[in-house]
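Chemist: Based on what follows, work out the 3D shape:
(6 chains)
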6 protein chains.
Amino acid sequence: MSRIDGRTPDQLRPVSLERGWSKHAEGSVLVSFGDTKVLCTASVTEGVPRWRKGSGEGWVTAEYSMLPRATNTRGDRESVRGKIGGRTHEISRLIGRSLRAVIDYKALGENTVVLDCDVLQADGGTRTAAITGAYVALADAITWAQGKKIIKAGRKPLTGTVSAVSVGIVGGAPLLDLRYEEDVRADTDMNVVCTGEGHFVEVQGTAEAAPFDRTELNVLLDLAVAGCDELAAAQLKALDATLGH
Amino acid sequence: MSRIDGRTPDQLRPVSLERGWSKHAEGSVLVSFGDTKVLCTASVTEGVPRWRKGSGEGWVTAEYSMLPRATNTRGDRESVRGKIGGRTHEISRLIGRSLRAVIDYKALGENTVVLDCDVLQADGGTRTAAITGAYVALADAITWAQGKKIIKAGRKPLTGTVSAVSVGIVGGAPLLDLRYEEDVRADTDMNVVCTGEGHFVEVQGTAEAAPFDRTELNVLLDLAVAGCDELAAAQLKALDATLGH
Amino acid sequence: MSRIDGRTPDQLRPVSLERGWSKHAEGSVLVSFGDTKVLCTASVTEGVPRWRKGSGEGWVTAEYSMLPRATNTRGDRESVRGKIGGRTHEISRLIGRSLRAVIDYKALGENTVVLDCDVLQADGGTRTAAITGAYVALADAITWAQGKKIIKAGRKPLTGTVSAVSVGIVGGAPLLDLRYEEDVRADTDMNVVCTGEGHFVEVQGTAEAAPFDRTELNVLLDLAVAGCDELAAAQLKALDATLGH
Amino acid sequence: MSRIDGRTPDQLRPVSLERGWSKHAEGSVLVSFGDTKVLCTASVTEGVPRWRKGSGEGWVTAEYSMLPRATNTRGDRESVRGKIGGRTHEISRLIGRSLRAVIDYKALGENTVVLDCDVLQADGGTRTAAITGAYVALADAITWAQGKKIIKAGRKPLTGTVSAVSVGIVGGAPLLDLRYEEDVRADTDMNVVCTGEGHFVEVQGTAEAAPFDRTELNVLLDLAVAGCDELAAAQLKALDATLGH
Amino acid sequence: MSRIDGRTPDQLRPVSLERGWSKHAEGSVLVSFGDTKVLCTASVTEGVPRWRKGSGEGWVTAEYSMLPRATNTRGDRESVRGKIGGRTHEISRLIGRSLRAVIDYKALGENTVVLDCDVLQADGGTRTAAITGAYVALADAITWAQGKKIIKAGRKPLTGTVSAVSVGIVGGAPLLDLRYEEDVRADTDMNVVCTGEGHFVEVQGTAEAAPFDRTELNVLLDLAVAGCDELAAAQLKALDATLGH
Amino acid sequence: MSRIDGRTPDQLRPVSLERGWSKHAEGSVLVSFGDTKVLCTASVTEGVPRWRKGSGEGWVTAEYSMLPRATNTRGDRESVRGKIGGRTHEISRLIGRSLRAVIDYKALGENTVVLDCDVLQADGGTRTAAITGAYVALADAITWAQGKKIIKAGRKPLTGTVSAVSVGIVGGAPLLDLRYEEDVRADTDMNVVCTGEGHFVEVQGTAEAAPFDRTELNVLLDLAVAGCDELAAAQLKALDATLGH
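Modeler: Numbering: from 1, shown residues only, chains lettered A, B, ... in the order given. This next block holds a predicted model:
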């Protein structure tokens, strides 16, 4: 049984990580997982939120949002409604936690990095693409801050790499990196965030239709770990390329 | 190495499920996991949200909130700030999804059940206590609606039971049902929602301090499944007791 | 003509004032006027709002709220609507003013006490139960602050006691301490807040259906003053009992 | 001991009720109590709020607001802050209740009158001026609606007149119709709303500094009833004058 | 073809500028352009917004609003809706920019003037009346601040005068100072803000129905410049009159 | 005196109009004016807002927004602040009015087109780029709706083309299509919206630093009309290219 786009069950969509997309941000990446496109920018500011002042430690946070017509039918803008929806809140928090997992706050010093992940086009997996792209933008922003001596010489605020992918059980079959049409039909849907060493940063599995058992969970985790491993390689390859700006 | 309250690593706190706590709600439970106390009420209304009208199917949703002084230091009221925080949104959504996992929408008919979970006192595990208590309130509300013929004769909207518990790795040791003081020291923190058959409804694991590996994940899942099993027994025992109102 | 619950016109419902209900708050009381139950917590913080800094004087304020299913039909949460309703505002202000009437700001020093009054179950008289319970929570919080030397030795911030009760004219009969079913049928409805000496702190009379004359006003005030007197006795008795935490 | 503006204790400030101030509203009055000036407009719309549809009964409601520089120091606009303050809510509700006390909803039919009371200049007593002026605007709006046959022939929605005045104890002396400088020095402050027959619609007494006793309450009520009586005469006189538009 | 009120195409409505309307504000004007009436108050505060502190320069800003029944049908209050509409924002910004065009920030020193323009009755041209009236209120406020030595001796913060008028093409005819009924029928509508020397501060032309050509634009500008010139004369005349308070 | 990027005073920046940028929207264009990049999507829905139902006429509206890091320093998200700023409101309204100027509502039928203009990168002229790009997205959406028979056969809802450009006086020199660095130094700044025939839809000139005279206004209008003419040619050329999706 083949997938709608002909992929094998354990195959990622084509991934691209276009660095330096924005001329203003200290780090910026347009990440694509197939038709899902997220613009990730990393903004560095000296100083930290009030509750962290004087600690000598930095902070990393994230905000996720979707353009109103990133999806098949137009959604209302959250700015127009005057409030942020639960899904947006939940994903923003997930991205922030995921990237903080590879940050050494002491090495960062009292500086803040804000990661803005704006979905320009959605086709499933927007949060996992956002995490994967935001890591690259964050790495570029930290390199920039080191160059500007905002981060002290010899300090390495990044303790590793982090990437994320979705997996799910669709029509009984465990699949990697779900597109939107697969996602809506999934019985179980899981987002997994891993470090480059293959350890878990977040595991969020949800039974959309039917509860899942331990065997299914294990198969999904195997798929996800392998997918994150491929994404980690793509991140390193993107960061190895010289940034032409 | 013993725990602050003398429990063994795989021991739940004392659990109580006080049914019929409110005279107004169709179902109501004051659930305690040790010093964590959550008032769960289930409100039945005929009809469903607009996007579901005419489907013949019902809806179940949840709202979670904390009283301002449920915690050690007073928090601002979300009503006063004029917006709901990300954590509140995230937990409300988790509770709703967890209970919908054991609902047969067709059998419920075009009726809505709203579960309000208000934390009166917090000491860790408020979301898992809320899910565990809300299930009992939901069961009572459905019994009430069957009695009132709001749900058609012979229909069984509940397809099973659902309970939840937290697990985590604290100082290297995997522990069940974390208190607040354990939770803040945890390297990894996981909330697990299971059906009475021991299948997973939600698995949410987060590396608070250090990424976790597959072995640690497995130990935590074992602890959680056993804990949920005990909670399911407590739910059934509570529901077997005659409700005196 | 007897009342729905068999009380005489000048009889209060059973009153209970359960101190030390919350383990976190500096003072906490679960107050019941019959089926009306309000959780009152008093939170002490050092410091005062900006407009009062440097004055050497303290501040006492209150916030009132109802759980969504405290009433017979579920109400929307004010946090979800994103704004506080007029009734909530009005009652919060009334509670704050009532308690400030027995506070010596100088003796309190530059400390703030916030009284949170959350209605867990409503059956009429929630604001008067809240004031009566909040006084006891406030007294416990002040004792706590004296013990912690946050309030200077020898200072007595409480200048007296304060309690409150509702009265009304229902079907032509003046009644004390209205239940919800009496309240909705009342022609005139009055909330009276008294000090322990029987002086007035607040008198709020409203003609719900028919304007009232001076004679009716006087009968209602007589009933209210006697009711407040009984409540003051209950407060003192509760405070005399040793608090076991 | 004379008052700052030379009045006797039982003397009102000069009162003016300028009808037909706005060319758009169905009723409009610029009311002045001395330097306190409130623009009251009455807007008639056919139909009632949803919860009242099909009842055959009408509705009357009010909104009170202050221009930012109506007072001695500029206040923030509530529209800019994005929320309505407690004081504004409280007064809007008081005005609405006061006017509904003289409305026969059946006679009004399924029509709504909204009373907007905007304080252009404040010098104490804005809420009592608003009620007194709004009554006259309401009377004009009802006459207009009768003329347009929106209210059925022979129906009399107004069952009487209503006016309001403030009283207080300042420096030990009971005074009628407090100016701002008197109001801030008052120990006790009371707003009284009366019908033309001298019956009470609202009595709201607050001990700002010291609790008050029954004797003081009685003196204040006497002052207030006499003041409302004078205001009722001013209302009738204003309404007798032909409206030139 | 004559206008609804008999004016010639290049004729302003009767203009009045009533200074000293409010006893509290440092400058206040009730401006009328025919039936359009706007209360403009100028509030002086020492200090500037945070972003301007230490610059030695002052700030002038404006807020525009309409009373709910200033128009023919009642509009919702923006404070009740909890947000400011786009039109209100746009006009507030226009008024602020227009008055800042004649301010020497250095001469003003680190002081702020807020201009509140509240439309009491609307009949077209509310923003142009607001600018014209606000200038006079601003001039009075600056004179007041000079008298109080808040502005240093010899400093002249006002570099000129500013007035505004609307013009439009209605039924093919270019008209000055449109009333509401003309405005709604206009093909093109333009608001022009001029200094007393006849130079442009703002030109905002909008094709409501049909695009306009260069010739039409020129005719409208001629009309507007002449209208602003007349308004500048009225402003000077009003300011020459001694203010009796 | 040459410009920062070597352009002549009457030269546009390189313009690109990339159609079909989004796979979901009925029309979509990524428009660039140099480094200013705006994603414009056109969403077609059948039906119109309530106030227009039954009129047989359609509606076109627009929403403008900037990504937080579209600019040199990160701005707060309006969704996080919970309110839309005045500048955003003003520009959204301008874009909507500009496009409605070339719409025949009757021919559109009771359908709505929403134009979302999201600034991905800003370097001056975002509103004029948005209008110019949105026109192309709108044209594509209308073609799509004609193909789907949502718009009736033979109907032509577009009555012409519309484009926009900024002009200003910088250091005494009139310049076309200002970059950000020019814009902040401009004495006068004007945005001009023209139809393809060179008629005006909007003229918005603002004296940022010094009032401008009639001669300056005329020079700026000449520059703008020529610029809009070039942009109109670019629009037609882009629309002539076959859209490959």
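
Chemist: List the contacts of whatever residue of chain A ends up closest to chain E.
Modeler: Shortest chain A-to-chain E distance, computed as C-beta to the nearest C-beta: residue-wise this is residue A:82, at 6.1 Å. C-beta here means a position set from N, CA and C on the backbone, and glycine is covered the same way. The neighbours of residue A:82, taking C-beta atoms under 8 Å, 6 or more residues apart in numbering or on different chains as the test, are C:82, E:82, E:83, F:82, F:83.

Chemist: and if you look at residue A:228?
Modeler: For residue A:228, the residues meeting the contact criterion (C-beta under 8 Å, 6+ apart) are A:163, A:164, A:165, A:192, A:193, A:194, A:198.

Chemist: I'd like to know which of those are buried.
Modeler: Applying a neighbour-count criterion of 16 or more other C-beta atoms under 10 Å in any protein chain shown, the buried members of those are A:163, A:164, A:165, A:192, A:193, A:194.

Chemist: okay, these in TSV with secondary structure, pLDDT and distance to residue F:213 next?
Modeler: Formatted as TSV, these follow (DSSP: H, G, I helix; E, B strand; the rest coil; pLDDT from 0 to 100; distance: C-beta to C-beta, whole Å):
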residue	secondary structure	pLDDT	distance to residue F:213
A:163	strand	98	61
A:164	strand	98	60
A:165	strand	98	63
A:192	strand	98	66
A:193	strand	98	62
A:194	strand	98	66
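
Chemist: of all those residues, which two lie farthest apart?
Modeler: Comparing all pairs in these by C-beta to C-beta, the longest separation belongs to A:163 and A:192, at 9.5 Å.

Chemist: of the contacts of residue A:228, closest to residue C:112?
Modeler: Sorting these by distance to residue C:112 puts residue A:193 at the head of the list, at 42.0 Å, by C-beta to C-beta.

Chemist: hang on, the closest one packs against residue A:199?
Modeler: No. Taking C-beta atoms under 8 Å as the contact criterion, residue A:193 and residue A:199 are not neighbours in contact, 9.9 Å apart.

Chemist: Among the contacts of residue A:228, which one lies nearest to residue C:146?
Modeler: In terms of C-beta to C-beta, no member of these lies closer to residue C:146 than residue A:193, at 50.7 Å.

Chemist: just checking, residue A:30 touches residue A:20?
Modeler: No. Applying C-beta under 8 Å as the test, residue A:30 and residue A:20 come out as separate, 9.4 Å apart.

Chemist: one step back: could you list which of the contacts of residue A:228 also contact chain B?
Modeler: Filtering the contacts of residue A:228 for proximity to chain B by C-beta under 8 Å from any C-beta of the partner chain leaves residue A:194.

Chemist: How much space separates residue A:48 from residue C:200?
Modeler: Going from residue A:48 to residue C:200 by C-beta to C-beta, to the nearest Å gives 52 Å.

Chemist: between these two, which one's more packed in?
Modeler: The residue with more neighbours, out of residue A:48 and residue C:200, is residue C:200; 24 against 20, by other C-beta atoms under 10 Å in any protein chain shown.

Chemist: in chain A, what secondary structure element scores lowest on mean pLDDT?
Modeler: Per-element confidence for chain A was summarised using mean pLDDT, DSSP states H and E. The lowest value among helices and strands belongs to helix A:78-81, with a mean of 92.

Chemist: Pull the residues that contact that one.
Modeler: Helix A:78-81 is contacted from outside by A:65, A:84, A:85, A:88, F:63, F:65, F:77, F:78, F:79, F:83, F:84, F:88, using C-beta under 8 Å, 6+ apart.

Chemist: Can you name the next helix or strand after it?
Modeler: Going down the chain from helix A:78-81, the next helix or strand is helix A:86-100, by DSSP states H and E.

Chemist: And the strands in chain A?
Modeler: For chain A, the strands defined by DSSP state E cover A:15-19, A:27-33, A:36-46, A:59-66, A:111-121, A:162-170, A:173-176, A:186-195, A:200-207.

Chemist: Parallel or antiparallel, list what pairs with the fourth one.
Modeler: Put plainly, it is strand A:59-66. Pairing partners of strand A:59-66, with direction, according to DSSP bridges: strand A:111-121 (parallel).

Chemist: The strand it pairs with versus strand A:36-46: what angle between them?
Modeler: Counting by axes from the mean of the first three to the mean of the last three C-alpha atoms, to 10 degrees, strand A:111-121 lies at 160 degrees to strand A:36-46.

Chemist: Compute the inter-axis angle for strand A:111-121 and helix A:86-100.
Modeler: Here strand A:111-121 runs at 130 degrees with respect to helix A:86-100, directions being taken by the same axes, to 10 degrees.
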